[in-house]
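# Take a look and give me a structure for this.
(one chain, ligands or ions: 1)
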Amino acid sequence: MLGKLRYLTAGESHGQALTCIIDGVPSNLALSADDINIDLARRQKGFGRGGRMKIETDRAQILSGVRHGKTLGSPVSLLIENKDWANWETIMSPDTPPSPPLAKGGVVTRPRPGHADLAGALKYSHRDLRNILERSSARETAARVAAGAVAKKFLSEFDIRVISYVTEIGGIRQSTDSRSQNTDYKTLLSNFKKAEASLVRCLDEKTEEKMITRIKTALKKGDTLGGVFEVAVLGVPAGLGSYSQWDRKLEARLSYAMMGIQAIKGVEIGLGFEMAGMAGSEVMDEIFYRTKKATTPLAKGGEGGGSGDFYRKTNNAGGIEGGMSNGMPVIVRAAMKPIPTLKTPLSSIDINTKKKFKAAYERSDTCAVPAASVIGEAVTALVIADSFLDKFGGDSMEEIKRNYSGYLKQIQEF
Ligand code: EPS
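Okay, here's the model as predicted:
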């Protein structure tokens, strides 16, 4: 929350709506609800989602900060209605509880292992676990995706794109991900196009088939699955983030944001954990220099595009060295644990009776890794946009564009 671009979300999963305030969006950025709705729809997709997604069609309303299609420089606030609210109005009412007490979905006393239920109840002193699960639910991510779409729109004005794809579901791995590829701009963009056409956001039909079969088997067994997705940022100039202080390091900020997504348990940058077992000579991305000067715009990422005429042939570092972007695509990978709401009962203790029970099933998803990949794009875009604003500052798009083109010239002439 320390940056120039700050955002907060509010809303319960079965409450009236989700809301979001984004502060620090510069003025004169063209922005419409359609820019946001595209990503809201992408988040709702993916094989393995439960019944809720058939109820919701997420759409954002812009409540403030935009006038006649352009941002004002004032806080942008967004609202996404929960269609399911119609079924939960009494249960989730902000007014005094009904009498007689609630029947359906009444008081929840059985914490699900792996969910926020028990720790949340102890922390906030609630004896109805619904008071915990409503906010800890991943439904909240719709609001973050909306905020991320605003950040993406801002970045697109500087030719920066944030993309993602799924590399693993329930142990089924994509044969190629950035660990085994030279991740240049073109390859990454083509990966993204394939992912957009896939039901599980993976890169080829064979893997897709295997992943879908794996999800179907888990569904039959009443089980759930996690996985891994990769987010890539294309067109990032060298110099976002800083080595000068721990909390300004770009990989630290990206990991923080990524770990803030529900169910994410691991984050890697570039080769990540694989680097630990390799020799230094294999890991470092050697530096080359183009003597024939680049004539195309520099902020295109890929082969040295974001670092003037200096370039790399590999990107093991995931586009970040010393806490700063180095001009190569930024690559962040995140691991999502399986969803904790299972049909297969697991042991737990009722918080009132203190007796053992097998956790009861609540409607949920079997696998939400494809959705998490879109959420990963959003939180990444927010960090990159904030780091970009930190470096190129300014209150209006005009001012920031002037600052940015001055910096690109500086890099080109370096
Ligand atoms: C979730 C449980 C399910 C998911 C939900 C996250 O919701 P419900 O309890 O209404 O069936 O569908 O995800 C969303 C609603 C969403 O928009 O992504 C949970 O417990 O985290």
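
# and the chain, which of its residues are near the ligand?
Residues of the chain found near the ligand (C-beta under 6 Å from any ligand atom) are 13, 50, 52, 56, 137-139, 142, 341, 362-365. All C-beta atoms are positioned from the backbone trio N, CA, C, and that covers glycine.

# Export stretch 187-196 to PDB, keeping only CA atoms.
What follows is stretch 187-196, C-alpha atoms only, in PDB (Å, rounded to 0.1, in the frame of the first residue of the first chain):
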ATOM      1  CA  THR A 187       7.300 -17.000 -28.100                       C
ATOM      2  CA  LEU A 188       5.600 -15.600 -25.000                       C
ATOM      3  CA  LEU A 189       2.900 -13.800 -27.000                       C
ATOM      4  CA  SER A 190       2.200 -17.000 -29.000                       C
ATOM      5  CA  ASN A 191       2.000 -19.000 -25.800                       C
ATOM      6  CA  PHE A 192      -0.600 -16.500 -24.600                       C
ATOM      7  CA  LYS A 193      -2.700 -16.800 -27.700                       C
ATOM      8  CA  LYS A 194      -2.800 -20.600 -27.300                       C
ATOM      9  CA  ALA A 195      -3.700 -20.200 -23.600                       C
ATOM     10  CA  GLU A 196      -6.600 -17.900 -24.400                       C
END
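
# Buried residues, it. List them.
For stretch 187-196, the buried set under the neighbour-count rule, 16 or more other C-beta atoms under 10 Å, comprises 187, 188, 189, 191, 192, 195.

# for stretch 107-121, same thing?
The neighbour-count check on stretch 107-121 (16+ other C-beta under 10 Å) flags 108, 109, 110, 111, 112, 114, 115, 116, 117, 118, 120, 121 as buried.

# what two of those have the greatest distance between them?
Taking C-beta to C-beta as the measure, the buried residues of stretch 107-121 span a maximum distance of 17.3 Å, between 109 and 114.

# still on that earlier bit, which of the residues of the chain next to the ligand scores worst on pLDDT?
When the residues of the chain next to the ligand are compared by pLDDT, residue 362 scores lowest at 64.

# who's in contact with the host helix or strand of residue 34?
Element membership of residue 34 [criterion: DSSP states H and E] is helix 33-44. For helix 33-44, the surrounding residues in contact (C-beta atoms under 8 Å, 6 or more residues apart in numbering) are 53, 56-62, 78, 80, 141-142, 145-146, 148-150, 152-153, 196, 371, 374-375, 377-378.

# quick one on the thing from earlier: now, among the buried residues of stretch 107-121, which is nearest to residue 165?
Among those, and counting by C-beta to C-beta, the member closest to residue 165 is residue 114, at 25.8 Å.

# is it true that the closest one touches residue 265?
No. Taking contacts as C-beta atoms under 8 Å, residue 114 lies outside contact range of residue 265: 10.6 Å.

# Mind checking which of the contacts of helix 33-44 are in helices?
Applying DSSP state H to the contacts of helix 33-44, the entries found in helices are 53, 141-142, 145-146, 148-150, 152-153, 196, 371, 374-375, 377-378.

# Show me the two of those residues that sit farthest apart.
Among the ones in helices among the contacts of helix 33-44, 53 and 153 lie farthest apart (C-beta to C-beta), at 24.5 Å.

# got the contact list for residue 397?
Taking C-beta under 8 Å, 6+ apart, one finds 26, 27, 28, 29, 157 in contact with residue 397.

# if I look at the third one, how far off is residue 60?
Distance of residue 28 to residue 60, given as C-beta to C-beta, to the nearest Å: 20 Å.

# Then the last one?
Note on residue 157: its distance to residue 60, by C-beta to C-beta, is 20 Å.

# hmm, back to that, which among the contacts of helix 33-44 end up buried?
53, 56, 58-60, 62, 78, 80, 141-142, 145-146, 148-150, 152-153, 371, 374-375, 377-378.

# Which strand or helix spans residue 335?
With DSSP H and E as the test, residue 335 turns up in strand 330-336.

# by contact count, what packs against that strand?
Here strand 330-336 touches strand 227-234, helix 250-259, strand 264-269, helix 369-392, going by 3 or more C-beta pairs under 8 Å, 6 or more residues apart in numbering; DSSP states H and E.

# Let me have these in CSV, adding mean pLDDT as columns.
Formatted as CSV, those follow (pLDDT from 0 to 100):
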stretch, mean pLDDT
strand 227-234, 95
helix 250-259, 98
strand 264-269, 97
helix 369-392, 98
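
# of the buried residues of stretch 107-121, closest to the ligand?
residue 115 (7.1 Å; C-beta to the nearest ligand atom).

# quick check, the closest one in a strand?
No. Residue 115 is assigned coil when assessed by DSSP: H, G, I helix; E, B strand; the rest coil, not a strand.

# shared neighbours of residue 114 and residue 265, anything?
residue 337.

# Roughly how far does residue 386 sit from residue 406?
20 Å.

# quick one: which of the two has more around it?
A count of neighbours by other C-beta atoms under 10 Å puts residue 386 above the other of residue 386 and residue 406, at 22 against 10.

# State whether that one and residue 3 are indeed in contact, as I suppose.
Yes. Counting by C-beta under 8 Å, residue 386 does reach residue 3; the two are 3.9 Å apart.

# shared neighbours, these two?
Joint contacts of residue 386 and residue 3 (C-beta under 8 Å, 6+ apart) are residue 24.

# Now render the buried residues of stretch 187-196 as TSV, adding secondary structure.
Below are those laid out as TSV (three-state DSSP):
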residue	secondary structure
187	helix
188	helix
189	helix
191	helix
192	helix
195	helix
